[in-house]
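Participant: Got a sequence here, can you model it:
(2 chains)
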Amino acid sequence: MLRFIVRRLALMVPVLVGLSILLFVWIRKLPGDPARAMLGERATDSAIAQINQVYGFDKPVLQQYFIYTGRLLSGDFGDSTRDGRPVLESFIEQFPGTIELTLAALIIAVVLGVPLGFAAGRRIGGWLDNFVVTGSLLGVATPVFFLAILLKLVFADWLDWLPTSRRQDARVEATHPTNFYVLDGLLTREWDASWDAILHLVLPAVALGTIPLAIIVRITRASVAEVMGEDYVRTAISKGLAPKLVNRRHILRNALLPVVTTIGLQTGLLLSGAVLTESVFEFQGIGGYLFLSISQRDYPVVQGYILFIALIYSMVNLAVDVSYGLIDPRVRVS
Amino acid sequence: MTLRPTRLRKGMVVAAAAALLMAGCADSEREGSGGDGGGGGGGDEPTTGGTFVFAGSADPVTLDPFFASDGESFRPARQIFEGLVGTKPGTADPAPLLATSWETSEDGLSTTFMLETGVKFHDGSDFNGEAACWNFDRWYNTPPGIGQTEDQSYYWISLFKGFAEGELTDSVFESCTVDGEDQITVKLTQPFAGFVPALSLPSFSMQSQAAIEEYGAAEGDDPSQSAYATEHPTGTGPFVFDSWERENQITLQRNDDYWGDVALVDTVQIVPIAEPRARADALENGEIDGFDLVGPADIAGLEEDGFQILERPAFNVLYLGINQGQKPLDDIRVRQAIAHAIDKDEVISNSMPEGTVPATQFVPDLVNGYSEDVTSYEHDPDKARDLLAEAGAEDLTLMFNYPTDVTRPYMPSPGDTFNVIRGQLEEVGITVEGTPDVWSPDYLDRVQGGNDHGIHLLGWTGDYNDTDNFLGVFFGRPSNEWGFDNKQIFDLLTEARGLPTVEEQLPLYQDANEQIMEFLPGIPIASPVPSLAFAENVQGYVASPVQDEPWNLVSVEE
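Facilitator: All right, here's what the predicted structure looks like:
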């Protein structure tokens, strides 16, 4: 297992190097230059030339790339050209928000998705199955931004139940030692701050979690239905094993393998989906900042953030592969 | 100069309260921030204490205003810092602030400022002649590198042109001498009538030497991100910096030792919320007490729900730019035809907030040099068709560039504005090829960076009351945006800028406005009125055309 992990980690290196080259070239081929984005309406040719010179944007792309990678190797991801902040610093500060949102969406998707899919798969064609199939189809088909607007309209504008923007009410006195706001409130015993952070999480997490929920429901349902037809399940039932035991040991455990793969893949997708959801809900994670940085041609931020996201995506997939071994001993042996 | 130093003195309270108590008394289902809900009648004494939460559209870039040029960085700076010169509340006209009065020499090369006495910075150091001159010297001696780019010290470069060393050394600033504890003299290398009004910009705020020396940027580092600029900004203003959680919120506390009117609220929080609709939602949910840049579509709904809408006097201009680098737009008859095709009133009623006024020239009427005698081009489709025929351009096809994802104070809804104007141009037989682009940098790159554009929407919000801040920005030199080379206009603007007093400049700028409207490089469309929104319980906010809005007299009833 250790060799497997080391090999997978080693494989990440060429992936990240390749990605960094692609990113570097891609962002520089986009129309518009960062100097004009920085100066806005008041850009003059001389000011643009001056900024390009000071920031080194006038150097050949290859030279810029070597300077960039040289700095990367010493842990320097550069500074934002938009607000001057070190890229690593802003990422570390904002990423907890994205993780919090992703986790909340994932919890909604898994906690609701697996039991619903299991129950539907056990009785294909039943009323619950029909309901789940229809609901999941709707969930998959609804774009995140549309759902987000709908949720805001109903739960914030009409019902006035939930906040629609930001991670916490500015008036709530809160200290943020970790920047995981829910956790921070628990750590500092500022319960109201934690509760407020949870309330702020609900709408974005529901919006973000709906598509993964629908997918997990469908995969679980199909997988359970397939396992139900296996000989060993029939044998277990016919030899009089307790239904609960059959469900847990024989059906669920075997059906979970594709579900875990799906959850792993969805976690990566959730991270990228969070970028859009955060923008819609003005949620302070990496999303809104990255979105703005792309539109402002903030090269260091776009390069740094996408590399970080790619690294995290690879790590999550590695964790999923490792978890196969824990769920299914056959994989471990092979 | 006999004006008293003004920082929203108490006399303003009545006007301010009246301005904010204009909304009706519609029932509100929202809860306040707690408390017993004391009365809100117009004659009540303003409430003291509490927190005022205000939403802007973005996080500031830096809290050292010298290295900032964006409105969101200036917003907290207006609370923490003060300059020698302020503005008369509600106007763009210069008024005493840390300088009680000033006297400019006849040749315009020397200005003596008398300073307010007994003022202290938040760190306890004295504000006096030495502190004031130290600030001028600091600006002038900005080290070469990032700090000398227009992205950072934009206003110094734009107005004072150069530094002690570096690539730009031809500076308008010569020296600052301390004449005494409460008097300094600033010498310029050439006359600059806009000098005193320009000092009302937050970039030229007085900052604490002690704090900058302790926390300022090391040589070669980005000065806008120093420990001083992010954690220890120190001025003389009504609020003291407390904390800044980047992309989240800025917290300021009342300066109890303030030399002017001590602030009414204990704490101020400034939060960034990018979308106008999300800001409105946050106000409706009671998460914030007020916000800037209300979306035109949200105004009626907010008013119906009992929120207060405050209008800033228009200090901007939206225009339809014409690129004379593309034929036949270099033909004056074609440009006149476009001008006659446009019905500004219809454009305003369909795409701009109430209160917007049509523009007759490239400066709003609050600006010096505004002329009543400019050539006007009334809406006359028949005349437009005749002019096109005369120019042999009956089958004219025009590329019409407009931005898609932006609202600016001068351009609240560019897509709608484009649609109305397109309809009007098509009515006179012009075929319009709509060319939308993402605002930044694509759109700006297209209309300002090259020749691949036809007619376009753009504008400007003034920084302070100076004609050069409008006309000089648009027409001070040949540019890709306009594609013309009219030496007469360039020379006239250069000459006007070099005159020592506003009085001498006035006829030249009026002449410039008249010449420009005859030459018709573009068509001024309107000066939209930017709006602010507040909860019912907020009092004392005075809107300023140049956003000089200190919050010391703002109160929030519990």
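Participant: Please give the number of neighbouring residues around A:F57.
Facilitator: For A:F57, the count of nearby residues is 19 (other CB atoms under 10 Å in any protein chain shown). To be clear about C-beta, it is placed using only N, CA and C from the backbone, and glycine gets the same treatment.
Participant: ok, it - contacts?
Facilitator: A:33-35, A:51, A:64, A:299 (CB atoms under 8 Å, 6 or more residues apart in numbering or on different chains).
Participant: Could you restrict the residues you listed to the ones contacting chain B?
Facilitator: Filtering the contacts of A:F57 for proximity to chain B by CB under 8 Å from any CB of the partner chain leaves A:33-35, A:51.
Participant: how close does A:L103 sit to chain B?
Facilitator: Using CB to the nearest CB, to the nearest Å, we find A:L103 at a distance of 20 Å from chain B.
Participant: element containing that residue, please.
Facilitator: Secondary structure assignment for A:L103, by DSSP states H and E: helix A:87-122.
Participant: Which strands or helices does that helix pack on?
Facilitator: Here helix A:87-122 touches helix A:127-141, helix A:181-187, helix A:191-228, helix A:253-281, helix A:286-295, helix A:299-327, going by 3 or more CB pairs under 8 Å, 6 or more residues apart in numbering or on different chains; DSSP states H and E.
Participant: Just want the residue of chain A that's nearest chain B.
Facilitator: A:G32 (3.3 Å; CB to the nearest CB).
Participant: could you list every residue that touches the closest residue to A:W195 other than its chain neighbours?
Facilitator: Of all residues not flanking A:W195 in the chain, A:G185 sits nearest, at 7.2 Å (CB to CB, 6 or more residues apart in numbering or on different chains). Residues in contact with A:G185, defined by CB under 8 Å, 6+ apart, are A:174, A:191-197.
Participant: what residue ranges in the chain are flagged as low confidence?
Facilitator: Because you didn't say which chain, this covers chain A. A:41-42, A:327-334 (pLDDT under 70).
Participant: Hmm, no, I was thinking of chain B.
Facilitator: Using pLDDT under 70, the flagged stretches of chain B are B:1-47, B:220, B:440.
Participant: Tell me, how many residues neighbour the residue of it found nearest chain A?
Facilitator: Using CB to the nearest CB, the point where chain B gets nearest to chain A is B:P441, with a distance of 3.3 Å. Neighbour count for B:P441, taken as other CB under 10 Å: 26.
Participant: Can you classify the nearest residue to it once chain neighbours are set aside as helix, strand or coil?
Facilitator: Leaving aside its chain neighbours, B:P441 sits nearest to A:G32 (3.3 Å; criterion: CB to CB, 6+ apart). Put simply, A:G32 is coil when judged by DSSP: H, G, I helix; E, B strand; the rest coil.
Participant: roughly how far apart are A:G32 and A:Y68?
Facilitator: Computed as CB to CB, to the nearest Å, the A:G32 to A:Y68 distance reads 20 Å.
Participant: same thing with B:D452?
Facilitator: Note on B:D452: its distance to A:Y68, by CB to CB, is 31 Å.
Participant: same check, this time on A:G56
Facilitator: For A:G56 relative to A:Y68 (CB to CB), the value is 9 Å.
Participant: Kindly report the same for A:S314.
Facilitator: Applying CB to CB to A:S314 and A:Y68 gives a distance of 20 Å.
Participant: Can you name the residues of the stretch 251-400 of chain B that neighbour chain A?
Facilitator: B:269, B:271, B:273-275, B:278, B:281-282, B:284-285, B:287-288.
Participant: Neighbour-wise, give me the winner out of the residues you listed.
Facilitator: Counting neighbours by other CB under 10 Å, B:I288 leads these with 28 neighbours.
Participant: Isn't that one up against B:F54?
Facilitator: Yes - counting by CB atoms under 8 Å, B:I288 does reach B:F54; the two are 6.5 Å apart.
Participant: Next one: the residue of chain A positioned farthest from its centre from A:A225, what distance?
Facilitator: The centre of chain A is farthest from one residue, A:K239, which by CA atoms, centre = their mean lies 44.3 Å away. A:K239 is 22 Å from A:A225, where distance means CB to CB.
Participant: Would you mark the buried spots in stretch B:138-156?
Facilitator: By 16 or more other CB atoms under 10 Å in any protein chain shown, the buried positions in stretch B:138-156 come out as B:139-140, B:142-143, B:145-156.
Participant: repeat for stretch A:18-25
Facilitator: Judged by neighbour count using 16+ other CB under 10 Å, the buried positions of stretch A:18-25 are A:19-20, A:23-24.
Participant: For it, give me every contacting residue.
Facilitator: Against stretch A:18-25 from outside (CB under 8 Å, 6+ apart): A:61, A:64-65, A:68-69, A:72, A:302-303, A:306-307, A:310.
Participant: next SSE after the biggest helix by length in chain B?
Facilitator: Secondary structure of chain B per DSSP state H: the longest helix is helix B:502-519. Sequence-wise, the next helix or strand downstream of helix B:502-519 (DSSP H and E) is strand B:522-527.
Participant: Run me through the strand neighbours of the helix or strand that comes right after that following strand, direction for each.
Facilitator: For strand B:522-527, the following helix or strand on the C-terminal side (DSSP H and E) is strand B:531-534. Here strand B:531-534 is paired, per DSSP bridges, with strand B:290-292 (antiparallel), strand B:308-311 (antiparallel).
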